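Q: Give me a 3D structure for the following:
(one chain, ligands or ions: 2)
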Amino acid sequence: MKAYLDLMQDVVDNGTDKGDRTGVGTRSVFGRQIRFDLSKGFPLVTTKKIHLKSVIYELLWFLKGSTDNNWLQERGVSIWDAWATEKGDLGPIYGKQWRSWMAPNGETVDQITDVIEQIKSKPDSRRLIVSAWNPAELPDESIGPQANVEQGRMALAPCHCLFQFYVLDGKLSCQLYQRSADLFLGVPFNIASYALLTHMIADQCGLGVGEFIHTFGDCHLYQNHLNEDIVFKQLKREPHKLPQLLIKRKPESIFDYEFEDFEVEGYEPEGLIRAPIAI
Ligand SMILES: Nc1nc(=O)c2c([nH]1)NC[C@@H]1CN(c3ccc(C(=O)N[C@@H](CCC(=O)O)C(=O)O)cc3)CN21
Ligand SMILES: O=c1ccn([C@H]2C[C@H](O)[C@@H](COP(=O)(O)O)O2)c(=O)[nH]1
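A: Ligands and ions are numbered 1, 2, ... in the order given. The predicted structure follows:
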């Protein structure tokens with residue numbers, strides 16, 4: 001995970017201090033890319049402990065097409081609590097756009113089913129894309145997350161907003177475009193989530209895994225993470241060897257995986273580093 005630490009150092013060294021929507025303030029760079037060869041191990045950050053359980057349940061929740069925070073809460077996952085309404089609604093965020101994007105004729109598009117079908121039938125296609133960026137359902141920035149949800153809009157605009165697959169020599173690669181990236185808290189989750197998704201889709205399509213390529217727009221460190229207890233503490237740590245992902249079962253479809261199907265072997269991280277989240 002040296003690439004991740006190098007990117008963090010790059011933002012510290014070359015970033016510009018800049019205001020942002022949350023009012024916390026960031027140090028930010030624009031336009032970066034890191035890549036991981038998924039055949040060499042599972043890219044789970046080792047310089048602090050990552051709560052993989054939250055990552056796995058969040059991905060299964062996206063794949064179910066759910067935007068109901070109660071489903072996550074029932075499984076002990078609280079990462080979306082700050083954006084949900086009292087009833088647990090998050091508006092038409094990722095799960096909705098991935099599985100039931102609203103078409104003008106009133107029908108819905110299941111982008112996940114479609115992209116898997118395309119990977120299987122047309123692996124050379126250059127259109128193997130899933131987009132969560134639906135301008136018609138973006139939040140109104142002048143009001144808060146819950147008020148947006150009450151108006152039928154997304155609680156938060158998609159950060160990991162578009163991904164594309166590529167098949168070569170029997171291996172599946174995935175590239176993500178992330179328009180906005182909270183490098184300390186969000187990005188380790190995003191890397192692990194898309195690496196897991198690539199493994200699952202490769203499994204379903206009878207392919208091996210290639211690379212995960214992570215491309216960033218506004219890549220930032222929040223000002224309240226830029227201190228000796230958080231970012232600089234992590235930058236002093238040496239990355240450990242990567243763990244291996246084991247998928248113990250191949251279900252009928254991408255939508256039938258369960259939490260217990262995944263095991264990560266050999267994960268020996270440094271200790272947890274807590275940090276405040278910008279809302
Ligand atoms: N500012 C910000 N950063 C994000 O990364 C982010 C958002 N907002 N809003 C929407 C989602 C929610 N995500 C989150 C939210 C919380 C954690 C977090 O607190 N992580 C802790 C604890 C993990 C846990 O409880 O499972 C960590 O140490 O990683 C991570 C990602 C990612 N997204
Ligand atoms: O998966 C995610 C979701 C969110 N983030 C971060 C990126 C930003 O710090 C905030 C979103 O604020 P915007 O003003 O909408 O850009 O959340 C992330 O890193 N990963």
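Q: Can you name the residues in contact with the strand or helix carrying residue 263?
A: Using DSSP states H and E, residue 263 maps to strand 262-265. For strand 262-265, contacts defined as C-beta atoms under 8 Å, 6 or more residues apart in numbering pick out 42, 44, 52, 56, 196, 243-248. Placement of C-beta: from N, CA and C, glycine included.
Q: hang on, residue 102 packs against residue 152?
A: No - taking contacts as C-beta atoms under 8 Å, residue 102 lies outside contact range of residue 152: 10.9 Å.
Q: For the two, list the residues in contact with both.
A: Shared contacts of residue 102 and residue 152, defined by C-beta under 8 Å, 6+ apart, comprise residue 137.
Q: the more surrounded of the two?
A: Just comparing residue 102 and residue 152: by other C-beta atoms under 10 Å the higher neighbour count belongs to residue 102, 15 against 10.
Q: if I look at the more buried one, how far off is residue 108?
A: 6 Å (C-beta to C-beta, to the nearest Å).
Q: Same question for residue 163.
A: Residue 163 sits 19 Å away from residue 108, going by C-beta to C-beta.
Q: Which one of the two is surrounded by more residues?
A: residue 163 (25 against 13).
Q: quick one: that one and residue 194 touch, right?
A: Yes - with contact defined as C-beta under 8 Å, residue 163 reaches residue 194; the gap is 6.9 Å.
Q: Mind listing the shared neighbours of those two?
A: Shared contacts of residue 163 and residue 194 (C-beta under 8 Å, 6+ apart): 174, 176.
Q: Narrow the contacts of strand 262-265 to those that are buried.
A: Buried subset of the contacts of strand 262-265 (neighbour count, 16 or more other C-beta atoms under 10 Å): 42, 44, 52, 56, 196, 243, 245.
Q: those helices in the stretch 151-279 of the chain, which residues are they?
A: For the stretch 151-279 of the chain, applying DSSP state H, counting those that start in this stretch gives helices covering 186-204, 231-235.
Q: for the stretch 1-150 of the chain, same thing?
A: Under DSSP H, counting those that start in this stretch, the stretch 1-150 of the chain gives helices at 2-14, 52-64, 69-73, 94-100, 111-121, 145-150.
Q: if you compare those, which one is most tucked away?
A: Ranked by mean neighbour count, the helices of the stretch 1-150 of the chain are led by helix 94-100 with a mean of 21 (mean count of other C-beta atoms under 10 Å).
Q: interface residues of the stretch 101-250 of the chain facing ligand 1?
A: 156, 182, 185-186, 189 (C-beta under 6 Å from any ligand atom).
Q: now with 8 Å?
A: By C-beta under 8 Å from any ligand atom, the residues of the stretch 101-250 of the chain that approach ligand 1 are 156, 159, 182, 185-190, 222.
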